[in-house]
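Novice: pasting a predicted model and its sequence here:
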Amino acid sequence: MILRLILRIKLPYIYKKDMLDCQRNLFSIPDSIHYLNCAYMSPQLKSVEEVGHSSLKRKNAPWEMQIMDFFEPVEKLKALFATLVQAKDANRIAIIPSASYGLSTVARNLPLKAGQEIIVVEGQFPSNVYPWKREADAKGALLKIVSAPIGDNRGENWNTKILDSINENTAAVALGNIHWADGTKFDLLEIRKKTNLYGAWLVIDGTQSVGALPINVEELKPEALVCGGYKWLLGPYSLGMAYFSPVLDHGIPLEENWINRYGSEDFSTLVNYQENYQTGASRYSVGEHSNFQLVPMLTKALEQLIAWDPNEIQNYCIRLIAPYLDELQSMGIFIENEKWRASHLLGLHLPDYMLNKPIQSLLQQNNVFISRRGNAFRISPHLYNSPADMEALVFCFQQIQ
């Protein structure tokens, strides 16, 4: 029935031999489930699940665990994340439990003065708003929210508004490289150029993009980039990664733990308390970051992402959704121009006539999983999705025309 109703959809793109194809077999997703919701939480790779089981068992025999087990797996994980974000030095990477932990760390160390401004965008994820508001309130500074424009050229106009808001009073611009609710792209290179003119920090929340959308910290040179690990990094909950630039090398961490201090590799001398931290970004890693179960799981996930290549993941998502966009837009649904949105996460802004229709129940009845965030229905596909998933999605919207 779905295929008969979707009449205006273009034929799928032809895949070249060197292109990634659907990787659903690497996940435990039933054929009847149309999970287009990686931005909510990624399903788990079978290989990551296996590593999780074996890692859990390790603590059954703690006498077999060596001092190197506290450090070597962590260094490997940091090196993998450095590769993913194209950082030359893995010593710039820290392990964090959540994006909010990393963002709070940066906010604590921002040299903010009374009267200065911290710029965020409208509808930004709360964990990338609350830390800045706390600092602004404490220092007599202002949290400036750049609102989303209405109408055509929304993404382009929003970027213009952000650039226009940066001036001599700007202390920092904190945002994702895409908007978490609808995938609107922000031109980080141009924002970086403008912040450099005024000595303002650029802080990136990569939780909804890193792993599926390429990023190069050597090119962007942000003061910090933070990522939760359970979405596009395909890792477990409660473990994330962060890049901190040299400007933060002498900052104050959120907590004081033993393993981040100089010489912590020698357990016999831990009572010789150290004033100095480990070098680089290590001072900002969360306590117990050697996490013997989660670190191997996230490591396995990053290995797979690097093998796939975020460029190819993004290209797969482009090929997956492209044949269906005209049909959705023909219903009056607004979808941002391709130049100003990502393809692994995009928002469907519904026309007024659809807003009171039972779309949620239709999605549920057809086992189609997406999220509503703000004013948009958010679609977030990955390599485990196929045209059948997109067909099921479009079918649901066709029923409420």
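Specialist: Received the coordinates, thanks. Remember, predicted model here, so these are calculated numbers, not experimental data. Residues are numbered from 1 along each chain as shown.
Novice: does Ile321 touch Ser380 like I think?
Specialist: No - applying CB atoms under 8 Å as the test, Ile321 and Ser380 come out as separate, 10.5 Å apart. C-beta here means a position set from N, CA and C on the backbone, and glycine is covered the same way.
Novice: who touches both of the two?
Specialist: Leu346 (CB atoms under 8 Å, 6 or more residues apart in numbering).
Novice: out of the two, which sits in the more crowded spot?
Specialist: Ranked by neighbour count (other CB atoms under 10 Å), Ile321 and Ser380 place Ser380 first, with 28 against 21.
Novice: who's that one bridged to?
Specialist: Applying DSSP bridges to Ser380 yields these beta-bridge partners: Asn37.
Novice: tell me how far it lies from Gly280.
Specialist: 33 Å (CB to CB, to the nearest Å).
Novice: and what of Leu163?
Specialist: Here Leu163 is placed at a distance of 32 Å from Gly280 (CB to CB).
Novice: can you name the next helix or strand after the longest strand along the chain?
Specialist: Counting residues, the longest strand found in the chain (DSSP state E) is strand 170-176. Following strand 170-176 in sequence order, the next helix or strand is helix 188-198 (DSSP states H and E).
Novice: could you check how far the following helix or strand past that next one is from the centre of its chain?
Specialist: Next along the chain after helix 188-198, taking DSSP H and E as the criterion, comes strand 201-205. From the chain centre to the centre of strand 201-205 is a distance of 13 Å (CA atoms, centre = their mean, to the nearest Å).
Novice: show me what strand 201-205 is packed against.
Specialist: Strand 201-205 sits against helix 99-109, strand 170-176, helix 188-198, strand 224-228, with contacts defined as 3 or more CB pairs under 8 Å, 6 or more residues apart in numbering; DSSP states H and E.
Novice: mind putting the ones you listed into a markdown table with distance to Phe81, mean neighbour count and mean pLDDT?
Specialist: Listed next are the helices and strands packed on strand 201-205 as a markdown table, based on distance: least, CB to CB, whole Å; neighbours: other CB atoms under 10 Å; pLDDT from 0 to 100:
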| stretch | distance to Phe81 | mean neighbour count | mean pLDDT |
| --- | --- | --- | --- |
| helix 99-109 | 12 | 23 | 98 |
| strand 170-176 | 17 | 25 | 98 |
| helix 188-198 | 18 | 16 | 98 |
| strand 224-228 | 8 | 29 | 98 |
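Novice: now render the ones you listed as CSV, adding distance to Asn385.
Specialist: Converted to CSV, those look like this (distance: least, CB to CB, whole Å):
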stretch, distance to Asn385
helix 99-109, 24
strand 170-176, 22
helix 188-198, 27
strand 224-228, 21
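Novice: which one of these lies nearest to Ser209?
Specialist: strand 170-176 (6.5 Å; CB to CB).
Novice: dump that closest one to CSV, restricted to CA.
Specialist: Taking Å, rounded to 0.1, in the frame of the first residue of the first chain, the C-alpha atoms of strand 170-176 are listed here in CSV:
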residue,chain,number,x,y,z
THR,A,170,31.2,39.4,22.7
ALA,A,171,33.0,37.1,25.1
ALA,A,172,31.9,33.8,23.5
VAL,A,173,29.7,32.3,20.9
ALA,A,174,28.4,28.9,22.0
LEU,A,175,26.3,26.7,19.7
GLY,A,176,26.3,23.5,17.8
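Novice: strands paired with that strand, and their directions?
Specialist: Strand pairing (DSSP bridges) places strand 170-176 next to strand 117-121 (parallel), strand 201-205 (parallel).
Novice: helix or strand right after the first one?
Specialist: In other words, strand 117-121. On the C-terminal side of strand 117-121, the closest following helix or strand by DSSP H and E is helix 130-139.
Novice: before we move on, which element is Pro296 in?
Specialist: helix 294-308.
Novice: for Arg372, same thing?
Specialist: Under the criterion of DSSP H and E, Arg372 resides in strand 371-373.
Novice: may I see the buried residues of that strand?
Specialist: Buried residues in strand 371-373, defined by neighbour count with 16 or more other CB atoms under 10 Å: Ser371, Arg373.
Novice: again, but for stretch 36-55
Specialist: 36-39, 42-45, 47-49, 51-52, 55.
Novice: alpha carbons of it, in CSV - could you do that?
Specialist: Extracted in CSV, the C-alpha atoms of stretch 36-55 (Å, rounded to 0.1, in the frame of the first residue of the first chain):
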residue,chain,number,x,y,z
LEU,A,36,14.7,7.4,12.1
ASN,A,37,15.7,8.8,15.5
CYS,A,38,19.5,8.6,16.0
ALA,A,39,19.4,12.2,17.3
TYR,A,40,17.4,10.9,20.3
MET,A,41,19.7,7.9,21.0
SER,A,42,21.6,5.6,18.6
PRO,A,43,20.9,1.9,18.5
GLN,A,44,23.9,-0.1,19.6
LEU,A,45,26.2,-1.9,17.2
LYS,A,46,26.3,-5.6,17.8
SER,A,47,30.1,-5.3,18.1
VAL,A,48,29.8,-2.7,20.8
GLU,A,49,27.3,-4.9,22.7
GLU,A,50,29.8,-7.8,22.6
VAL,A,51,32.6,-5.6,23.9
GLY,A,52,30.2,-4.4,26.7
HIS,A,53,29.5,-7.9,27.8
SER,A,54,33.1,-8.9,27.8
SER,A,55,34.2,-5.7,29.6
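Novice: who touches it?
Specialist: For stretch 36-55, the external contacting residues (CB under 8 Å, 6+ apart) are 26-29, 35, 180, 208, 212, 230-237, 292-293, 296-297, 299-301, 304, 344-345, 368-371, 378-382, 384-385, 389-390, 393.
Novice: show me the shaky parts of the chain.
Specialist: 1-18 (pLDDT under 70).
Novice: domain assignment for it?
Specialist: Domains of the chain are assigned by automatic domain parsing as 2-45+309-398, 52-308.
Novice: relative to the whole chain's centre, how far out is the longest one?
Specialist: Taking CA atoms, centre = their mean, one finds domain 52-308 lying 10 Å from the centre of the chain it belongs to.
Novice: for it, measure first residue to last.
Specialist: Chord length of domain 52-308, first to last residue, is 21 Å (CA to CA, to the nearest Å).
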